[in-house]
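S.K.: Provided below are the primary sequence and the corresponding predicted coordinates.
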Amino acid sequence: MSEARIESLSGSDVLELFAGATAWLEAHVEQVNSLNVFPVPDGDTGTNMFLTMRAVMEEAGRCAEPGAGPMLAAMAHGALMGARGNSGVILSQIIRGMSDAAEGAETLTAEGFAAGLEAGSASAYRAVTKPVEGTILTVIRESSEAGRLAAAGGERDIAVLLASVVSEAQLSVNRTPTLMPLLAEAGVVDSGGLGLSLILEGMLRHLNGQPVDDAVSGEGAVEQRWLAATDAHHQAEDSPYGYCTELLISGSDLNVDEIRGRIKELGDSVLVVGDPQLVRVHVHTDNPGAALSTGTEAGSLAQVKVDNIRRQAERFVEMHEARQQRSSPEPGAISTVAVVAGDGMVAVFESVGCTRIVSGGPTMNPSTREIVEAVDACPTEDVIVLPNDKNIILAAQQVAGLTKKRAHVLESRSMPQGIAALLTLNYEDDVDANVGAMGEAMRAVRTVEVTRAVKSTSVGGVRVKEGDIIGIVDDELTLTESSADGAVLRALEGIDTDKTSLITLYHGGETTASAASDLAVELRRRFPGHEVEVVYGGQPHYDYVASIE
Amino acid sequence: MTTRIVTDSTSDLSPRLAQELGVSVVPLSVIFGDEVFKEGVEISHDLFYDRLVRGKVHPSTSAPSVGDFLEVYEPAVAAGDEIVSIHLSSKLSATYNNACQAAAQLAEQGARIEVIDSLTVSFGLTFMATAAARASASGAGAEEIRSLVESMVPRVRIIVLLDTLEYVRRGGRIGRARAFLGSMLRVKPLLLIRDGEVHPGERVRTKALALERLYQIVTSSPGITELAVGYSTAPQDAEEMRKRLATAYPNVKVGVARLGPVLGVHGGPGTLGIGVLEGEG
């Protein structure tokens, strides 16, 4: 394939192209993850982007049509469903742009490829309310511009065009620290930008017939081992020294042992490796200046990075403690997995003992794979799955056939139903008894959701205009109102409250706590004999989710 | 020679009933700061709960000492009696252990003292101490009474409804129910005392629903032969539950008792508990 000109790609060619990209990204996931500005064990960009690509490939594998356009459409759909993290979302927008540009096309040409990247760049910028330069956005913009120029210059060979795109992407990634002071301060390039660059590079390597699954060789390996070695030092509890100092010394006749000896006098966590031409130094010291002097005396400094580790350690400890507090111990032989949207809702689910949470909900449906992974990560054989949305039940039900564990899917249709089910879980009973009792508890909960119509339509006799506040009772659109409060009140008043005693009001990210407590006062007045509890749900798009049971 | 029955104050046996049955009750202590009170003897239930709710110092509890047991055992042994001593779960308190040590000391002098780990508390102990006292009154020996009481151990269930998790959290004696802590929602947890330990049951969102669930759980027990309702500070809830249960089980005796300070420390105000003795087989 590397000898012939490549002027057009069919659907299956596009599939292979993306497979190469995914494999190459996977081989570098740890490298991308290691670029986090803060030394905390979350927000792993490499993992997020790789999982997004994996969702792309899953969807692509299901595409039965031969054309490049339909293939990209399937991929865009997969990306949309599987996107995780900011970089994943932006990546999904790039793929969506490529798909839009290739709509209905049988094959993808060099020109089409360039146009797709440009559309992807535009789509990515649109997806972000405040675009920031020095990120993946800059990298897609600059590299797609290189593609456009190559196409405008008459380049028909996709591999050649892609080579200029990749080359510009790599340069663009290297420039990110000049645009983003935080990156320069941390001495890293932007992780999302690097992820995108690797994706493009993986495509190019595939077209050129180079291996894409083999990062553990050459430079990459040295880089990874170095990162792993320094990481190990940073994971260690506390260092008595204040600064993590890293140097890259170049020269012609460097004495590694001598440099190591001098660095060792300055502190601990010392790593000095290299050869007579290039030596890497890592040390935790209170005197970074002395380390720099050691470097300049031995040769010339190619790179310098000095971090205040005490501050890093403090942040790490803060984050770690926050996590510790959130995770509940898991007794018994039954685990639970729930699909949850909203930071407050996640906290509620965690606080009532949910083992694994898959983030997602009405506006972001997780893939089956995500749920499978959550189930697989549970410590017990029996896992009860709470999809908490009618559009996720089907995906959750696929889990049973895809995991070695025993997955029991309860058809919970809202987060309040899921919460009621979790509270009923009795670790002393067996799983069948629990599934029965939890299902019963869940079905006794009625759910009211209040949001805004995204289009004008008529549903079940209720006419709504785009932007109207609408009330949904147990998945049925039942009313429109001029205020969110009014919608909650009217929706609840339409429910038989003879046997109910509790109203829980979860307010969304856009609704203030004081607005919610005002509404609670009115609820208590109108529903005597009911306890009313107000909880921050933080759910996206829904002003209120209320339950009555 | 007779067989004397001894239990401890967590049995919630009223002094009157204890006297009627001839059961000796060894008190545990509740400690506020540097003040130590033997429960039921040196502090009244009302005063205790008042201090628990209003006081700044959260009380702790302590088991009777070996000496406390010797004081009760020695006169009986001197009179040539045998003793069956039945105590709260060894997994929750050192009481059983201390009783065993006292018994071992006296055994060296030839005394016969059977110490039994009830693996339960409160009504569970009441059921056992009462049955033991009746058997003793009809002439049963220590050996026979021991096997009678041991046959009851697996048939006792205690279901407890807490109004708040606060006290059990402070007390720390929560066992596997630890998973219940930290809920962002107000919940009324149902706990089960079984196999000597506190186990987490369901969590219910409102008191009305919780009382309903409590009733349902109790009435789902097979072959109930005895029932008891205990409360810490809400006698009206206990009385309503007693009436409901008495209606559902006209042939079963349903007792009501107030939970003593040592249990109150851990359950807190608003605690409602039900003890169930299931039939044999």
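M.R.: In hand now; what should we look at? Numbering: from 1, shown residues only, chains lettered A, B, ... in the order given.
S.K.: neighbours around A:Ala127, how many?
M.R.: 17 (other Cβ atoms under 10 Å in any protein chain shown). Using the backbone N, CA and C atoms, a C-beta is placed for each residue, glycine as well.
S.K.: mind checking how far it is from A:Pro366?
M.R.: In this view, A:Ala127 and A:Pro366 are 19 Å apart by Cβ to Cβ, to the nearest Å.
S.K.: For A:Val279, give me its contacts.
M.R.: By Cβ atoms under 8 Å, 6 or more residues apart in numbering or on different chains, A:Val279 lies in contact with A:Leu247, A:Leu248, A:Ile249, A:Gly251, A:Leu254, A:Val256, A:Ile259, A:Val272, A:Val273, A:Ala298, A:Gly299.
S.K.: do A:Ile393 as well
M.R.: A:Pro387, A:Val409, A:Glu411, A:Arg413.
S.K.: isn't there a helix covering it?
M.R.: Yes. The assignment for A:Ile393 by DSSP: H, G, I helix; E, B strand; the rest coil puts it in a helix.
S.K.: ok, the nearest residue in space to A:Ala400 that is not next to it in sequence to A:Lys390 distance?
M.R.: Excluding its sequence neighbours, the residue lying closest to A:Ala400 (Cβ to Cβ, 6 or more residues apart in numbering or on different chains) is A:Ala407, at 4.8 Å. According to Cβ to Cβ, A:Ala407 and A:Lys390 sit 19 Å apart.
S.K.: now do A:Ala114
M.R.: Counting by Cβ to Cβ, the gap from A:Ala114 to A:Lys390 is 41 Å.
S.K.: same check, this time on B:Glu240
M.R.: 40 Å.
S.K.: One more: B:Ala129?
M.R.: Taking Cβ to Cβ, one finds B:Ala129 at 56 Å from A:Lys390.
S.K.: what about the two, which has more around it?
M.R.: B:Ala129 (28 against 14).
S.K.: Dump the contacts of A:Ile393 to CSV, plus distance to chain B and neighbour count.
M.R.: Formatted as CSV, the contacts of A:Ile393 follow (distance: Cβ to the nearest Cβ, whole Å; neighbours: other Cβ atoms under 10 Å in any protein chain shown):
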residue, distance to chain B, neighbour count
A:Pro387, 20, 29
A:Val409, 21, 23
A:Glu411, 20, 18
A:Arg413, 19, 21
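S.K.: Pull the most distant pair out of those residues.
M.R.: A:Val409 and A:Arg413 (12.1 Å; Cβ to Cβ).
S.K.: Can you report phi and psi for A:Val534?
M.R.: Phi and psi for A:Val534, reported as degrees, to the nearest 10, are phi -110, psi 130.
S.K.: again but with A:Asp389, I slipped
M.R.: Dihedral angles (degrees, to the nearest 10) for A:Asp389: phi -160, psi 140.
S.K.: Check A:Ala546 too.
M.R.: Torsion angles, degrees, to the nearest 10, at A:Ala546: phi -120, psi 150.
S.K.: gap between the closest residue to it other than its chain neighbours and A:Ser547?
M.R.: Of all residues not flanking A:Ala546 in the chain, A:Val448 sits nearest, at 4.3 Å (Cβ to Cβ, 6+ apart). Relative to A:Ser547, A:Val448 is positioned 7 Å away (Cβ to Cβ).
S.K.: if we can go back for a sec, any idea which element the residue nearest to A:Ala400 lies in?
M.R.: When elements are assigned from DSSP states H and E, A:Ala407 belongs to strand A:406-409.
S.K.: buried set for that strand?
M.R.: Judged by neighbour count (16 or more other Cβ atoms under 10 Å in any protein chain shown), strand A:406-409 contains these buried residues: A:Ala407, A:His408, A:Val409.
S.K.: Where do the domain boundaries of the chain fall?
M.R.: By default, I'm working from chain A. A:8-215, A:223-309, A:327-443, A:446-548 (automatic domain parsing).
S.K.: Please refer instead to chain B.
M.R.: According to automatic domain parsing, the ranges for chain B are B:3-152, B:155-278.
S.K.: could you pull out the helices for the stretch 51-200 of chain A?
M.R.: A:68-82, A:85-101, A:110-127, A:136-152, A:158-179, A:181-186, A:191-207 (DSSP state H, counting those that start in this stretch).
S.K.: what's the model's confidence in the fifth one, averaged?
M.R.: Along helix A:158-179, the predicted confidence averages to a pLDDT of 93.
S.K.: centre of the chain versus it, how much separation?
M.R.: 24 Å (Cα atoms, centre = their mean, to the nearest Å).
S.K.: which of the residues in that helix are buried?
M.R.: A:158-170, A:172-173, A:175-177, A:179.
S.K.: following the lowest-mean-pLDDT helix or strand in chain B, which helix or strand shows up next?
M.R.: Every helix and strand in chain B was compared by mean pLDDT, DSSP states H and E; the lowest is helix B:166-171, with a mean of 74. As assigned by DSSP H and E, the chain's next helix or strand after helix B:166-171 is strand B:188-194.
S.K.: Report all helices and strands that that following strand contacts.
M.R.: Applying 3 or more Cβ pairs under 8 Å, 6 or more residues apart in numbering or on different chains; DSSP states H and E, we find strand B:188-194 packed against strand B:156-161, strand B:197-204, helix B:207-219.
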